[in-house]
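coords please:
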Amino acid sequence: MGIGQKLLTSAIGTFKSAKRIGDRTIERLSDEELNRTPASESNSIAIIVKHLHGNMISRWTDFLTTDGEKPTRQRDAEFEGEPLTKEELLRLWESGWDTLFRALEQLGESDLLRTVRIRGEAHTVIKAIQRQASHYGYHVGQIVYIGKLIRNGQWDSLSIPKKKP
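You can find the predicted model right below:
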């Protein structure tokens, strides 16, 4: 396996890890908790999922051939709207991740230095993947943090728990 294929395998693993942490957070919360906004300038988990879905569909559909900011995307609308049920939220969550993984799994080593555009700006495929890994990691971290805030003392760690006396 060449270094490019190892990079792709590593990127897919990074995205799968982020998704798994998000999955485990979402499964622990009720519809009401998923739609709760922890502060006036914050977003609920449901809003963050809507944003991630919109971003993933836009970025990863026709990834190599069209700009990652599709003209059909309504980014501002991702931060508005009625509450979602967990079922609705999970449909968006899975659809976004499925689109991302399908796009990544179609890439080969020879694609990594190709140029793609995001909002008209040129990126290598490597840079575009790194950009999105950072963006999604940021938002999954928010999802976990909001879940911990909401559940407070009823939260079981998703990683290595703190040692308690």
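
all helices of the protein, in order?
Applying DSSP state H to the chain gives helices spanning 3-27, 31-35, 45-60, 86-105, 125-151.

Show me which residues of stretch 63-82 are buried.
Phe63, Gly68, Arg73, Glu78 (16 or more other Cβ atoms under 10 Å). Every C-beta, even on glycine, is put in place using the N, C-alpha and C of the backbone.

Quick check: of those, which lies closest to Ile3?
Phe63 (20.8 Å; Cβ to Cβ).

just checking, the closest one touches Glu105?
No - Phe63 is not in contact with Glu105 according to Cβ atoms under 8 Å; the separation is 11.2 Å.

give the contact list for the spatially most central residue of the chain.
Per Cα atoms, centre = their mean, the C-alpha nearest to the average position across the chain is that of Tyr136, at 4.0 Å. By Cβ atoms under 8 Å, 6 or more residues apart in numbering, Tyr136 lies in contact with Phe15, Ala18, Leu52, Met56.

Distance to Arg114, neighbour count and pLDDT added to these, as a markdown table?
Putting the contacts of Tyr136 into a markdown table (distance: Cβ to Cβ, whole Å; neighbours: other Cβ atoms under 10 Å; pLDDT from 0 to 100) gives the following:
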| residue | distance to Arg114 | neighbour count | pLDDT |
| --- | --- | --- | --- |
| Phe15 | 19 | 21 | 98 |
| Ala18 | 24 | 21 | 98 |
| Leu52 | 24 | 24 | 98 |
| Met56 | 20 | 24 | 98 |
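
Is it possible to get CSV of those that adds distance to Arg119?
Below are the contacts of Tyr136 laid out as CSV (distance: Cβ to Cβ, whole Å):
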residue, distance to Arg119
Phe15, 21
Ala18, 22
Leu52, 17
Met56, 15
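
tell me which of those is nearest to Asp31?
Leu52 (18.2 Å).

Now do the contacts for that closest one.
Neighbour list for Leu52: Trp93, Gly96, Tyr136, His139 [criterion: Cβ under 8 Å, 6+ apart].

quick one: which of the residues you listed is nearest to Thr37?
Using Cβ to Cβ, the contacts of Leu52 come closest to Thr37 at His139, 15.2 Å.
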